[in-house]
Every structure is written in C-alpha cells, then in structure tokens.
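Engineer: My questions concern the predicted model and sequence given below.
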Amino acid sequence: MGGSGGGGQPTQSTTNTSNLPEYARPYFERMMGRAEEESNQPYVSYGGQRIAGFTPDTQAGFQQTRNVQGAQNVQAGSALVGAAGLQGLGASSYQANPIQQSAFGAQQAEQYMSPYMQQVIDRQKAAAVQDYQEGRPSRETEAIKAGAFGGYRQGIQEGVAQRGLGRQLSDIEGMGRQRAFEQAQGQFERDRAASIQAQGLTEQQRLAGAQFGLSGAGLGMQAGSALGQLGATEQGLGLQRAQALQQQGATQQQQEQRALDLAYQDFLDQRDYGRTNIDFLSRILRGTPVTPNTVQSTYTNPNPLTQIAGLGLAGLGAYNQYNR
C-alpha cells in the first residue's frame, strides 16, 4: 500500500473563484462608492420648529377657565347665605325682657312730692295764725260786754280759741301733706303706667325686630341660594365657552402641527434624497438575476513512479496502434 523512496501520497486542492459579470460590475461598484460617500456626510440638524404652540383661542380658553373659578355671583351668594344664617341665629335667640316696675313708698313719695309743698303749708298756717290774731280784739270786746274781760271766762274763751288755732294748724299740716302725698302717688302711678307702656312698646319693637330679622334672614337665604344658582349657571356657561375656545384653538394647533410635521418630513426627504436613491438602486440590483462566473482549478501531487508507468503504458499503446 505505501511506497518507499519514490514520493508521498497524492494530494488534491480545489479553488473556486466567482466574479460578477462584466455588464453588472460597473453598477455595483458605482453604488458602493456612492454609499461610502453618503455615509461620510456630516450630521445635519433640523433648525425649524417641531411642536406647535398654543393658539390665542386656546390661551383665551385657559384664562376664561381661570376666571370662572372665581365667579363673583357664587362668592356673593355664599357670603349672603352666611350673613343671613348669622342674622337668623341672632333673631332666633330673642328672649322677652321682664317689665320693670316698683311699688310706691316713702322714697317714691319724697321723690314725687312738690318741693314747694312746705311753703304752701307754712303760708296757710301763717294765715290761720293771722286770723287768730285779728280775731283777738273782737273776742276782747265781747268779753268786755259780758263783763268777763280779764277774768276766768275770758281765759277760757281764749284757751278755746288757741285750741281751735292749734287744730286748724294741725289740719292744715296734715291735709297739706296728705294732698301732696296723694298728688305724688298719682304722679308716680302715671309715670309707672307710662314706663310699663314704654317697656311694652319697646318689647313689641324688639319682637317685631326679631321677626323682621327672621324674615330678612329667610329672604337672604333665598336670595343667596338664587344668586349661587345663577353663579353656578354662569360658571357652566363660562366653562362651555372656554371649552369651545379651547376646541377651536386645538383644531388650529393641529393644523399648524400638521404643517410643521410636513416641513420636517420635507427636510428629511431632502436630507436623505441620496440615500433613498442608493437604496432604490440597491433593491433593483438585488432583484436582478446575476449568475457570477465560476472558475474551478484542481491541483494534484501524483506519485512519480505512477506517472512514469502511465507514460510507458501510453507509449506502448500508441506503438501497438501504429503497427497495426
């Protein structure tokens, strides 16, 4: 099986080489050059606006929404309801005041008696004394006529006159003071009746004020509630107007955004125009049925003895063929 001295075992090596057809090579080479050149281009940033801003209508809608949050009618209605509630609480706490009255006594009599009472009494007493003095001559004359002047009978008669004067003076004092007391009591009673009437009128006014306060509180509550409802309606209408403005502004903003997006897409299309063409050409070339040329080369390393034997056999065959 193995040989000696002559050479090693036979070896074989095959090399396959594929080449583009000559008609397709220029297209592929130019495309690769253009692709390399395009890949070396610097980055180009977009300098335009990308996001559309809020439109004036949208801004107006935002501002109107903020304004609606502080609707004056709602605040006024709440304040009015609060004030009416406090007024109702104050009116509901009404309590009648007791009628103040006092009894007639010595203090009240002294207070109500005329300050000129004593002068009147003194004048009446002085007049009685004067009458007594003026009546003395007449009594003496009668005593003389009776023959009793200077005697016991005259003394008795004078005593009787003096006792009469004393009673008269006492009556004047008592009756004067009684009359003054009765006048003072009458005036006190009139003042007390006037005071009671005034207190009653005042209490009626307080009660009427409390009732008026309750009625006013009720009207205030109703007015505050109505004002609050009006404010809520105004808020709703204001929010609807604000939403309408925002929707209109959003439509305008969308339209502007589409224009910005279109401008940006135009920028990308212009920037990538060369790359797009290269990609277009690459797809065409990839779709072209190109069969590369293939060259197969086979290299062997045969045994020298075998080659010599083969040459001998070949020469012998040629010789025999030639001699036939």
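Structural biologist: Yes, it's here. All figures in this text were calculated on a predicted structure; none of them were measured in a lab. Numbering: from 1, shown residues only.

Engineer: any chance you could map the helices in the stretch 201-324 of the chain?
Structural biologist: Taking DSSP state H, counting those that start in this stretch as the test, the helices found in the stretch 201-324 of the chain are 273-287, 304-323.

Engineer: hey, least reliable of these by pLDDT?
Structural biologist: Among the helices of the stretch 201-324 of the chain, helix 304-323 carries the lowest mean pLDDT, a mean of 48.

Engineer: Hmm, residue 184 and residue 113 touching each other?
Structural biologist: Yes. Assessed by C-beta atoms under 8 Å, residue 113 is found in contact with residue 184 at 4.5 Å. C-beta here means a position set from N, CA and C on the backbone, and glycine is covered the same way.

Engineer: Name the residues of whichever strand or helix holds residue 28 that are buried.
Structural biologist: Applying DSSP states H and E as the criterion places residue 28 in helix 25-39. Across helix 25-39, burial judged by 16 or more other C-beta atoms under 10 Å covers 31, 34, 35.

Engineer: which stretches of this protein form strands?
Structural biologist: 12-19, 293-300 (DSSP state E).

Engineer: out of everything not next to it in sequence, what's closest to residue 183?
Structural biologist: residue 114 (7.0 Å; C-beta to C-beta, 6 or more residues apart in numbering).

Engineer: gap between the two ends of stretch 111-119?
Structural biologist: End-to-end distance for stretch 111-119: 17 Å, by C-alpha to C-alpha, to the nearest Å.

Engineer: Which residues does that stretch contact?
Structural biologist: 120, 176, 177, 180, 181, 183, 184, 185, 187, 188, 191 (C-beta atoms under 8 Å, 6 or more residues apart in numbering).

Engineer: give me that answer again for 6 Å
Structural biologist: Outside stretch 111-119, the residues that touch it by C-beta atoms under 6 Å, 6 or more residues apart in numbering are 180, 184, 187, 188.

Engineer: swap in stretch 44-55?
Structural biologist: 249, 252, 253, 256, 257, 260, 263, 267, 271.

Engineer: now swap in stretch 270-283 and tell me
Structural biologist: Here stretch 270-283 has contacts from 31, 34, 35, 38, 44, using C-beta under 6 Å, 6+ apart.

Engineer: circling back: mean pLDDT lowest for which of the strands of the chain?
Structural biologist: In terms of average pLDDT, strand 293-300 trails the rest of these, at a mean of 57.

Engineer: Look up the pLDDT of residue 225 for me, please.
Structural biologist: Among the per-residue scores, residue 225 holds a pLDDT of 70.

Engineer: got it, and residue 183?
Structural biologist: What the model reports as pLDDT for residue 183 is 81.

Engineer: Make 39 the first number, not 1, from now on.
Structural biologist: All right, first residue 39 from here; so that's residue 221.

Engineer: any idea how far it is from residue 212?
Structural biologist: The gap separating residue 221 from residue 212 is 15 Å, by C-beta to C-beta, to the nearest Å.

Engineer: Equivalent analysis for residue 241, please.
Structural biologist: In this structure, residue 241 and residue 212 are 42 Å apart, going by C-beta to C-beta.

Engineer: Pick out whichever of these two has more residues nearby.
Structural biologist: residue 241 (14 against 11; other C-beta atoms under 10 Å).

Engineer: what does the model give that one for pLDDT?
Structural biologist: For residue 241, the model assigns a pLDDT of 76.

Engineer: Can you get me a residue count around residue 207?
Structural biologist: Applying other C-beta under 10 Å, we find 17 residues neighbouring residue 207.

Engineer: got the contact list for it?
Structural biologist: Residue 207 neighbours (C-beta under 6 Å, 6+ apart): 163, 166.

Engineer: Relative to residue 64, which of the contacts of stretch 82-93 is nearest.
Structural biologist: Nearest to residue 64 among these is residue 309, at 27.6 Å by C-beta to C-beta.

Engineer: That closest one - how many residues pack around it?
Structural biologist: Residues lying near residue 309 (other C-beta under 10 Å) number 15.

Engineer: Equivalent analysis for the one 10 residues further on, please.
Structural biologist: Applying other C-beta under 10 Å, we find 16 residues neighbouring residue 319.

Engineer: same deal with residue 61?
Structural biologist: By other C-beta under 10 Å, neighbour count at residue 61 equals 8.

Engineer: thinking again about what came up before, could you dump the contacts of stretch 82-93 into TSV and include distance to residue 166?
Structural biologist: Below are these laid out as TSV (distance: C-beta to C-beta, whole Å):
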residue	distance to residue 166
287	114
290	119
291	119
294	124
295	125
298	128
301	133
305	138
309	143
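
Engineer: Going through those, which ones are buried?
Structural biologist: Neighbour-count burial (16+ other C-beta under 10 Å) applied to those gives 287, 290, 291, 295.

Engineer: Contacts only, for the second one.
Structural biologist: Just to be clear, that refers to residue 290. With contact set as C-beta under 6 Å, 6+ apart, residue 290 has these partners: residue 93.
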